[in-house]
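J.: I need the structure of the sequence given here:
(one chain, ligands or ions: 1)
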Amino acid sequence: MIEELKNKSLTELESVKSVDSLEQWRVKYLGRKGELTSILRGIGSLPDNERRLIGSQSNSLRGLLEEQYKKIKPTLEKNLTHDSVDITLPGRTRTKGRLHPITSIIREISEAFSDMGFSIVEGNESELEHYNFDLLNIPKDHPARDQWDTIWLDRPNRDDNLLRTHTSPMQARIMENSKPPIRVIIPGKCYRYEATDATHEWHFHQIEGLVVGKNISFSDLKGTLYELARRIFGPSRKVRFRCDFFPFVEPGVDMSIDWKGEWIEILGAGMVHPKVFEGVGYDPNVYSGFAFGMGPERIAMLRYDIEDIRQFFSNDLRFLSQF
Ligand code: YSA
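T.: Okay, here's the model as predicted:
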């Protein structure tokens, strides 16, 4: 009888393929009303000579069945987690990332300058007063320091650290560390403590440019910037140069682009001031050069017909996904 039960239970166990059917099997043989349990319960009423034999056989069968049960259970549970992935469900589409329009325009401008033989360098956004103002011929009480209302950094033991108001401090840093000829652009972020409006942000990018060598002239400056305008806006877009003042150039200009009959200023530029050369140890009688600082946000506005600069940093996907 015990042998028969053993064969039957083990054969059935072979066809058990899920946690549910294993549980049914356990209840059937080892449960409180299970077949083996009933035999074990009835042992007491058996005659003496059978009790001992049946008792020991059924106990060892119980041990065997419990052991088999414990062995199979973890495997079936593992399959359960595996099987719980419903492969018939539709997949999740991954949204494709794209470049921010300002990143794209900076790359496009950088490529244009790279084609003209410029190298590309980056600088720190945290700057020292010495580079942001002093070396650019902007002395302590010069009104230009008011013009660029500055975000000063709260640093222990120093009060001359600021978020750069323009990328021009990199001119001095590059000249201090290299010898002419220099032909470089420096793209990066700037910060000004100023009210925002449709064409002004308090944080924005600039692309600085610096060319230093022997006999660099104002016509080199104009030729380079005209070429850039042609590359970015096409050959027929109207461009205007006007006199402007920056303490670190002489003469100074700004360049504007026609936008629906209005002039939008995109950059300041000029011939590097002799005092800037002296400050970095260059002889102004030997070297000449030009420099410029342009605003990629303004250029992107003109390029994509965006009426408000603040859209670029609003993080609105309806706006950003158009590019
Ligand atoms: C001038 C002469 C040089 O030899 C070299 C660089 C320069 C530029 C100078 N450092 C400067 O910052 N001039 S600027 O204040 O007129 O800014 C230059 C360009 O940055 C602007 O034409 C504009 O395109 C952009 N810009 C300035 N303030 C901005 C801004 N863009 C967005 N928001 C602002 N608040």
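J.: burial of residue 71, as a residue count?
T.: By the criterion of other CB atoms under 10 Å, residue 71 has 10 neighbours. Just so you know, the C-beta spots here come from the backbone N, C-alpha and C atoms, and that holds for glycine as well.
J.: mind listing what's buried in the host helix or strand of it?
T.: Residue 71 is part of helix 48-83 when elements are defined by DSSP states H and E. By 16 or more other CB atoms under 10 Å, the buried positions in helix 48-83 come out as 54, 57, 58, 61, 62, 65, 68, 69, 72, 76.
J.: now the residues you listed in a markdown table, with distance to residue 311?
T.: Converted to a markdown table, the buried residues of helix 48-83 look like this (distance: CB to CB, whole Å):
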| residue | distance to residue 311 |
| --- | --- |
| 54 | 88 |
| 57 | 85 |
| 58 | 82 |
| 61 | 79 |
| 62 | 76 |
| 65 | 73 |
| 68 | 69 |
| 69 | 67 |
| 72 | 63 |
| 76 | 58 |
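J.: if we can go back for a sec, which helices and strands sit right next to the helix holding residue 71?
T.: Using 3 or more CB pairs under 8 Å, 6 or more residues apart in numbering; DSSP states H and E, the elements in contact with helix 48-83 are helix 2-14, helix 19-30, helix 35-42.
J.: what's near enough to touch residue 279?
T.: 134, 135, 137, 172 (CB atoms under 8 Å, 6 or more residues apart in numbering).
J.: ditto for residue 104
T.: Counting by CB under 8 Å, 6+ apart, the residues that residue 104 touches are residue 323.
J.: Single out the residue in the chain that lies closest to the ligand.
T.: Per CB to the nearest ligand atom, residue 295 is where the chain lies closest to the ligand, at 2.2 Å.
J.: In the helix-or-strand element of the chain with minimal mean pLDDT, which residues are buried?
T.: Sorting the helices and strands of the chain by mean pLDDT, DSSP states H and E puts helix 144-147 at the bottom, at a mean of 69. Neighbour counts over helix 144-147 (16+ other CB under 10 Å) mark 144, 145 as buried.
J.: Pull the distance from that helix to the chain's centre.
T.: 33 Å (CA atoms, centre = their mean, to the nearest Å).
J.: Show me the contact partners of it.
T.: Contacts for helix 144-147 (CB under 8 Å, 6+ apart): 133, 138, 246, 247.
J.: So which of these is surrounded by the most neighbours?
T.: Neighbour-wise, those (other CB under 10 Å) top out at residue 133, 25 neighbours.
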